[in-house]
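1. Need coordinates for the below:
(one chain, ligands or ions: 2)
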Amino acid sequence: MNDSLLIAIDGPSGSGKSSTSRGVAERLHLAYLDTGSVYRAAAVAWLESGLPASETQAITELVAESVFEVGTDPTAPTIAVNGRDVTDEIRDPGVASQVSTIATIQAIRDIVTEQFRQTIDAHDRRIVVEGRDITTVVAPDADVRVLLVADPTARIARRQAELGARADSDAVVDQIVRRDRDDSTVSQFETPAEGVTLVDSTHLSLDEVIDAVVALVPQR
Ligand SMILES: Nc1ncnc2c1ncn2[C@@H]1O[C@H](COP(=O)(O)OP(=O)(O)OP(=O)(O)O)[C@@H](O)[C@H]1O
Ligand SMILES: Nc1ccn([C@H]2C[C@H](O)[C@@H](COP(=O)(O)O)O2)c(=O)n1
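-> Ligands and ions are numbered 1, 2, ... in the order given. The predicted structure is shown next:
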């Protein structure tokens, strides 16, 4: 019997991919892979290197030589680069504002995509994977493919609520609107590809979004 259950979730920044994917993985006892955390960890390594953004070849070599270790427990996901835990550091606004430089280098995308596929296989394809190009490039053959969207105003409001007093309005808007614009030059996460189910979370609670994704799982 093939009991694989690969769930792919894409969407723009702040649409609720991580919260939803973790909730779905917990509910269905699956592993969880946050592909954005790897791009962010690569950005940490690059920013520490001091290489100028224009040095794409050298940055690509740096990322190719880096070792990424992703913890796939949905209740406590982690990410380390070259043996250093950067789980908290990757959420720094300075990383968020620069990560698209890494994510828009195609040679880097090819390297990490291969690593994502290895992680999926290492979990016998019982995993929820989220990002921008999971339904289209990393795992277009997933059992469930979802594009999770929400209005930009809702996404900005949610992120500001999350950050509370720490929220810098301009930075939040930049991390959502400008980052999506840059990231969408290399991935298609604004409209669903063929066979991908669109879920709009603008007026749904997190539990309702998790229910909507779980309802898409084929009954065997
Ligand atoms: N359906 C929902 N209703 C209200 N708030 C939500 C909902 N889904 C997620 N949130 C909240 O919105 C914020 C962004 O969610 P989350 O980090 O899961 O988004 P994301 O798509 O993974 O973001 P990013 O692409 O920036 O990593 C969080 O504060 C989260 O708690
Ligand atoms: N599959 C993916 C995952 C992420 N990215 C880019 C987009 C973001 O700028 C950055 C960090 O992602 P986040 O943690 O905010 O989801 O990585 C991508 O291009 N493809």
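
2. When you work out contacts or count neighbours from here on, use the C-alpha atoms and nothing else.
-> Will do.

3. distance of residue 153 from ligand 1?
-> Plainly put, residue 153 is 11 Å away from ligand 1 if you go by CA to the nearest ligand atom, to the nearest Å.

4. buried residues in the lowest-mean-pLDDT helix or strand in the chain?
-> None of the helices or strands of the chain scores lower by mean pLDDT, DSSP states H and E than helix 169-173, at a mean of 90. By neighbour count on 16 or more other CA atoms under 10 Å, the buried set for helix 169-173 is 171-173.

5. where do the helices sit along this structure?
-> 17-28, 35-49, 56-65, 93-103, 106-122, 152-163, 169-173, 179-183, 206-214 (DSSP state H).

6. tell me what the fifth one is packed against?
-> It refers to helix 106-122. helix 56-65 (3 or more CA pairs under 8 Å, 6 or more residues apart in numbering; DSSP states H and E).

7. Help me see whether the helix it packs on makes contact with ligand 2, please.
-> No: Helix 56-65 lies apart from ligand 2 when judged by CA under 6 Å from any ligand atom; the minimum separation is 13.9 Å.

8. Would you mind measuring the gap between the ends of stretch 25-33?
-> End-to-end distance for stretch 25-33: 10 Å, by CA to CA, to the nearest Å.

9. How about that stretch and ligand 2, any contact?
-> No: figure legend: stretch 25-33 not in contact with ligand 2 (CA under 6 Å from any ligand atom); closest approach 10.1 Å.
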